[in-house]
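Colleague: Mind looking at a prediction? Sequence and model below.
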Amino acid sequence: MKAVYLTSFGKPGSQAFEIREAEEPSIEPNEVKINAQAFGLNYADVMARKGIYNDCPELPAILGYECVGTVEEIGAEVTNVKTGDRVIAFTRFGSYAKKVVTHSMAVQKIDNDIPNGEAVALATQYCTAWFASNEAINMYKGEHVLIHAAAGGVGTALVQLAKEKDCIVYGTASSSRKLDYLKSIGVDYPINYKEQDFEEEIRKLRGKKKVDVIFDPIGGKNFNKSLKILAYGGRMVPYGASSRERKGILSLLKVAWGFGLHLPVGNIMKSQIWAGVNMLRIADYKPELIQRCLEGVYDFYTKGIAKPHVGGVYPVSQIGDAHDFLESRKSIGKIVVEW
């Protein structure tokens, strides 16, 4: 089978990957093998390519957290899908391949007419948003919710889930084009963080009331800055550290220092909840939660609540270009790569 291998860290996307022949994977009794049509990109892939993602396998490695395709083979214990079903799947790496194997609880049957880009967005990005906003914490009607990187795939999903619950949404993004996009998906207060200080802007709008919920994939100083505008009884969900740009201990320490030093007594006195989200750990130790997220997300998709935005579709021969575009932070929504 064909697979895309990451062969070197740190280089631009066009130089870091190689399409090779690979041994076709076998399955365990609780696993499913999928003949993939496409896979999606996530910012964690960019961090892995740059050598700053700790969970990345040793090189050469097959990256990827999701795919869409047709079930080719099922293990003896699998009951939720059958051979021939079109499915989306969450994977713990390995989805940059033509044949993908994953746990059956990380697989969801879907309709045949769903576009590839929308399908793969439902796996990692929408499941992350679902877990962050329905399992880790909850949102309630009328609450004020700040979503960082709101024009990305997870950000788009969080906006839609927050608006479904009739929340007032503040979203940060890096350009006027992205702010126009945020307005189009229902963000009440788009903020260009490159031209405006989001903390100051929200203080102008909210005053002493601050915001009730914050979702942060950036980490570092952004986390600490966000805490200053989190209300008493508020909830913060950090789910990434995209502020880390370089490999090395100094870069890591800079991000860690940016997060700051915090004592639990502070949470207690302010009655605040910080709920960290790492979907790889959920997949490793609580696969039943992945299944619940997939089911919830797909139900919302069929009802028209979840509406993924596809920001780019690339052939697998242009995997490097797809990576470079995602890293440029100019993309909106989901980037998909097709076989």
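Modeller: Alright, I've got the coordinates.
Colleague: Determine the set of other helices and strands touching the helix or strand that contains F215.
Modeller: Using DSSP states H and E, F215 sits in strand 211-216. Applying 3 or more C-beta pairs under 8 Å, 6 or more residues apart in numbering; DSSP states H and E, we find strand 211-216 packed against strand 144-147, helix 153-164, helix 221-227, strand 230-238. Yep, even glycine has a C-beta here, placed from its N, CA and C like the rest.
Colleague: what about the shortest one, average pLDDT?
Modeller: In this case it means strand 144-147. For strand 144-147, the mean pLDDT works out to 98.
Colleague: picking up where we left off before, relative to helix 153-164, how tilted is the strand holding F215?
Modeller: Using axes from the mean of the first three to the mean of the last three C-alpha atoms, to 10 degrees, the direction of strand 211-216 lies 160 degrees away from that of helix 153-164.
Colleague: partner strands of strand 211-216, parallel or antiparallel?
Modeller: Strand pairing for strand 211-216, determined by DSSP bridges: strand 144-147 (parallel), strand 230-238 (parallel).
Colleague: Tell me which of these is the most buried.
Modeller: strand 144-147 (a mean of 28; mean count of other C-beta atoms under 10 Å).
Colleague: Enumerate every residue touching the nearest residue to S104 once chain neighbours are set aside.
Modeller: Spatial nearest neighbour of S104, chain neighbours left out: V78 (4.4 Å); criterion: C-beta to C-beta, 6 or more residues apart in numbering. V78 makes contact with P29, N30, E31, V32, S104, according to C-beta atoms under 8 Å, 6 or more residues apart in numbering.
Colleague: Let me know the secondary structure of the closest residue to G69 other than its chain neighbours.
Modeller: Distances taken as C-beta to C-beta, 6+ apart place A36 nearest to G69, at 3.9 Å, with adjacent residues excluded. What DSSP: H, G, I helix; E, B strand; the rest coil gives for A36 is strand.
Colleague: wait, isn't A36 in contact with V100?
Modeller: Yes: using C-beta atoms under 8 Å, A36 makes contact with V100 at a distance of 5.1 Å.
Colleague: Those two: who's more crowded?
Modeller: More crowded of A36 and V100, by other C-beta atoms under 10 Å: A36, with 30 against 27.
Colleague: Run through the residues that contact the more buried one.
Modeller: When contacts are taken as C-beta under 8 Å, 6+ apart, A36 is in contact with C67, V68, G69, S95, A97, K98, K99, V100, W339.
Colleague: just to revisit the earlier point, out of the helices and strands packed on strand 211-216, nearest to H309?
Modeller: helix 153-164 (5.5 Å; C-beta to C-beta).
Colleague: So which elements touch the closest one?
Modeller: Short answer (3+ C-beta pairs under 8 Å, 6+ apart): helix 153-164 packs on helix 116-130, strand 144-147, strand 168-173, strand 211-216.
Colleague: mind giving me CSV with these and columns for distance to D321?
Modeller: Shown next, in CSV, are the helices and strands packed on helix 153-164 (distance: least, C-beta to C-beta, whole Å):
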stretch, distance to D321
helix 116-130, 16
strand 144-147, 28
strand 168-173, 22
strand 211-216, 29
